[in-house]
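Asks: this is a predicted model, with the sequence first.
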Amino acid sequence: MRKQIEKVLEVMKTDYDKWCNRNGDEFTGPCTEYNNSLKVTEGPRYYKIISRGTTVAGFVVKAGHPKFKEGDLLKAASWNAPAKNFARGNVFDEKSFKTGSVRWTGIG
């Protein structure tokens, strides 16, 4: 699953690069900072995606969750918990990356 989570990070980085360069200017400083700040931590039920060290971009469900499938993308409700109303996509489904479920601003 780490390979699929890396794809989520790559989609977030690409989306941020597009946002930084929306006026056609090469604006690499903040883009590089953001790209380098993305990290993943592992908890008992979820992988947490953190950007800039202070913002939770979303969660990815690990195997064995009673309500969700492995790889489901969940929006962050707080620093420690995802929004559990419904999945925003799945890391194993390519459509999740093309429909805007994964953006530089987070999963949602």
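Replies: Thanks, I have the structure now.

Asks: make it CA atoms for all contacts and neighbour counts henceforth
Replies: Will do.

Asks: can I assume Thr14 sits in a helix?
Replies: Yes: secondary structure assignment places Thr14 in a helix (DSSP: H, G, I helix; E, B strand; the rest coil).

Asks: is it true that Arg88 touches Gly106?
Replies: No: Arg88 lies out of contact with Gly106 (Cα atoms under 8 Å); the separation is 10.8 Å.

Asks: overlap in contacts, those two.
Replies: Taking Cα atoms under 8 Å, 6 or more residues apart in numbering as the contact rule, the neighbours common to Arg88 and Gly106 are Lys75.

Asks: mind listing residues that contact the helix or strand containing Glu33?
Replies: Glu33 belongs to helix 28-37 when elements are defined using DSSP states H and E. If you take Cα under 8 Å, 6+ apart as the criterion, helix 28-37 is touched by 13, 16-17, 20, 50-53.

Asks: do that again at 10 Å, thanks
Replies: With contact meaning Cα atoms under 10 Å, 6 or more residues apart in numbering, helix 28-37 is reached by 9-10, 12-14, 16-21, 50-54, 104.

Asks: neighbour count for Arg88 and Gly106, which is higher?
Replies: Of the pair Arg88 and Gly106, Gly106 is the one with more neighbours under other Cα atoms under 10 Å, namely 22 against 18.

Asks: bridging residues for that one?
Replies: For Gly106, the beta-bridge partners are Arg103 (DSSP bridges).

Asks: pLDDT wise, what is it at?
Replies: At Gly106 the predicted local confidence, pLDDT, stands at 89.

Asks: gap between the two ends of stretch 81-101?
Replies: Between the opening and closing residues of stretch 81-101 lies a distance of 18 Å (Cα to Cα, to the nearest Å).
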